[in-house]
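Chemist: Give me a 3D structure for the following:
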Amino acid sequence: MPVYSADLHIHTVLSPCGDLDMSPVNIVKRAKELQLDIIGITDHNTTRHCPVISRLAANEGIFVLCGAEVTTIEEAHCLCFLPDLEKLEAFQGYLDKYLLNFPNDTDKFGYQVQVDEQEEIVYEEPKLLIQSIDQTIDQVESFVHQLGGIFIPAHVNRHAFSLISQLGFIPEDLRFDAIEIYRITGENFRHVYGFQKETTFLQNSDAHQLGRMGAERNLFHLEEPGFEEIKMALHKQNGRFVQ
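Modeler: As a prediction, the model looks like this:
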């Protein structure tokens, strides 16, 4: 089965903490240079850059997992990916509804701009994107799965904005498709945290700068890059799996 290189945690200039060089054009160009076959676009609490990056990446033979890095009311981060643009739009509506009306301060947090293929600014998000939305992690997981999406708790062992830092544990009843771990192997994670579930672990770059992209990556064994193929690999189904 073919093997595809993937980095599923990449921010754009739309995230206030994203470098100004992280435009859709530059991200796709850098992914091509790094020979990444699959990239995940995960801006904080917004999906608005996903469609343009998907179009640009398709021209380069790169598949884009479209989604967002959502901050729940517990201040835990989770990666949420949707299967198509219709479901992505529904998820964006959900984020718009539950993102609190706290304005961004560009001097403190940075710009939150959406740009097009010509790198022209087409939208600036007025609400601060790095705040929590008014939904629990269980509510976010439930809504993502209602839309047929993929739900992955992010960097679960990091010292901040993770399940373990915020809750002290990974809830037994949380329905995740995989877990993103931070600077630790899956074997060591199981040992250190006593984690027993048969789970796919991912390590991604969490890139906010072009130079960080691809610093960590995963090898997906798939028939071809696609949402359902990736979902099967995360669940180790039909011969698909992640290294």
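Chemist: List of residues touching the longest helix anywhere in the chain?
Modeler: Looking across the chain with DSSP state H, the single longest helix is helix 85-98. For helix 85-98, the external contacting residues (C-beta atoms under 8 Å, 6 or more residues apart in numbering) are 45-48, 50-51, 54, 66-68, 70, 80, 82, 133-135, 143-144, 147-149. Yep, even glycine has a C-beta here, placed from its N, CA and C like the rest.
Chemist: What segments of the chain are strands?
Modeler: In the chain, the strands defined using DSSP state E lie at 3-10, 38-41, 63-71, 77-82, 113-115, 121-124, 150-153, 179-180, 201-202, 218-221, 241-242.
Chemist: Kindly export the longest one (C-alpha atoms) in PDB.
Modeler: Output in PDB follows, covering the C-alpha atoms of strand 63-71 (Å, rounded to 0.1, in the frame of the first residue of the first chain):
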ATOM      1  CA  PHE A  63      -4.400  16.700  -0.100                       C
ATOM      2  CA  VAL A  64      -5.700  19.100   2.500                       C
ATOM      3  CA  LEU A  65      -7.500  18.100   5.700                       C
ATOM      4  CA  CYS A  66      -9.800  21.000   6.400                       C
ATOM      5  CA  GLY A  67     -10.600  22.000   9.900                       C
ATOM      6  CA  ALA A  68      -9.600  24.100  12.900                       C
ATOM      7  CA  GLU A  69      -7.800  23.900  16.300                       C
ATOM      8  CA  VAL A  70     -10.600  24.500  18.700                       C
ATOM      9  CA  THR A  71     -10.100  25.800  22.200                       C
END
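Chemist: Please identify the buried residues of the helix or strand of the chain with the lowest mean pLDDT?
Modeler: With mean pLDDT, DSSP states H and E as the measure, the helix or strand of the chain carrying the lowest mean pLDDT is helix 186-193 (a mean of 89). Residues of helix 186-193 classed as buried by neighbour count (16 or more other C-beta atoms under 10 Å): Phe189, Arg190.
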